[in-house]
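> Provide a 3D model corresponding to the input given below.
(chains A and B)
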Amino acid sequence: GQSLEQPSEVTAVEGAIVQINCTYQTSGFYGLSWYQQHDGGAPTFLSYNALDGLEETGRFSSFLSRSDSYGYLLLQELQMKDSASYFCAVSFNQAGTALIFGKGTTLSVSS
Amino acid sequence: DAGVTQSPTHLIKTRGQQVTLRCSPKSGHDTVSWYQQALGQGPQFIFQYYEEEERQRGNFPDRFSGHQFPNYSSELNVNALLLGDSALYLCASSLEGLAYHEQYFGPGTRLTVT
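As a prediction, this is how the structure comes out:
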């Protein structure tokens, strides 16, 4: 089977750092993506890792270890607007556009 | 520059009916993927269209079919609707070969089957 595991909920305060972990077990793997989705909104792309290591984009960083089938999204300097659902997704085509999504992690940021 | 658009926004259908959902990709994009998102779940991949052909398909029955037109817009058709088909249907577009790992999602069509 194919599965992605991520925590269902994470809470933090403004200005803090939070890490959302994702472990995966899939029959094909080309890369790991992260998407953000606010309530009632469309998922928006955050990051993509095809190779092991850390990718940094502003306040967000993403890490991948292919040997451990593990990745994480690191959010720094949390803001209230970061309250949303975060999904990890495995690409099972080389283009990286056919995705298997996890169930999502709901992040709640409080003041 | 218009992003991904989908129509209709909301739709209510009865079991056994058929439905067609529409998607216009972001300007310049040539690949369209469809996802089903149940409440509280992550999106599930239905299929992907490129050059008017279904290129890849997820684990969905043949009741789910699609089409891509020469202008890259796409339709998702669902026949013999079941209560379990109630969900948010998301369309995502991308450009083959250029920052190909990033997909742009539309706002979705909320389908309710009664």
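> residue ranges with poor pLDDT in chain A?
A:1 (pLDDT under 70).
> if we go to 80?
Along chain A, the model assigns pLDDT under 80 to residues A:1, A:93-96.
> where along it do the strands fall?
A:3-5, A:9-13, A:18-25, A:31-37, A:44-49, A:53-57, A:60-65, A:70-75, A:84-91, A:99-101, A:105-110 (DSSP state E).
> residues from chain B in reach of chain A?
Residues of chain B lying close to chain A by Cβ under 8 Å from any Cβ of the partner chain are B:4, B:31, B:33, B:35, B:40-45, B:48, B:55-56, B:58, B:90, B:92, B:94, B:96-97, B:100-108. The way it works is simple: take the backbone N, C-alpha and C, and place the C-beta from them, glycine included.
> and for residue B:68, nearest residue in space, chain neighbours not counted?
Setting aside the residues directly before and after it, residue B:68 is nearest to residue B:49 in space (Cβ to Cβ, 6 or more residues apart in numbering or on different chains), at 3.7 Å.
> right, and that neighbour touches residue B:65 too?
No. Here residue B:49 does not reach residue B:65: they are 11.0 Å apart, not a contact under Cβ atoms under 8 Å.
> quick one: which of these two has more around it?
Neighbours per residue, other Cβ atoms under 10 Å in any protein chain shown: of residue B:49 and residue B:65, the larger number sits with residue B:49, 26 against 16.
> hmm, residue B:66 is touching residue B:56, no?
No. Contact criterion Cβ under 8 Å: residue B:66 and residue B:56 do not qualify, at 11.6 Å.
> could you list every residue that touches the residue nearest to residue B:68?
Contact analysis of residue B:49 by Cβ atoms under 8 Å, 6 or more residues apart in numbering or on different chains lists B:31-33, B:55, B:66-68, B:74.
> filter the residues of chain B next to chain A down to just the ones in helices.
Judged by DSSP state H, helices contain none of these.
> hmm, which of these are the buried ones?
In the residues of chain B next to chain A, burial by neighbour count holds for B:4, B:31, B:33, B:35, B:42-45, B:48, B:55-56, B:58, B:90, B:92, B:94, B:100-108, counting by 16 or more other Cβ atoms under 10 Å in any protein chain shown.
> for residue 26, list the residues it contacts.
The chain I'm using is chain A. Here residue A:26 is in contact with A:2-4, A:90, A:92, A:100 (criterion: Cβ under 8 Å, 6+ apart).
> looking at chain B here, not the other one
B:1-4, B:93, B:104.
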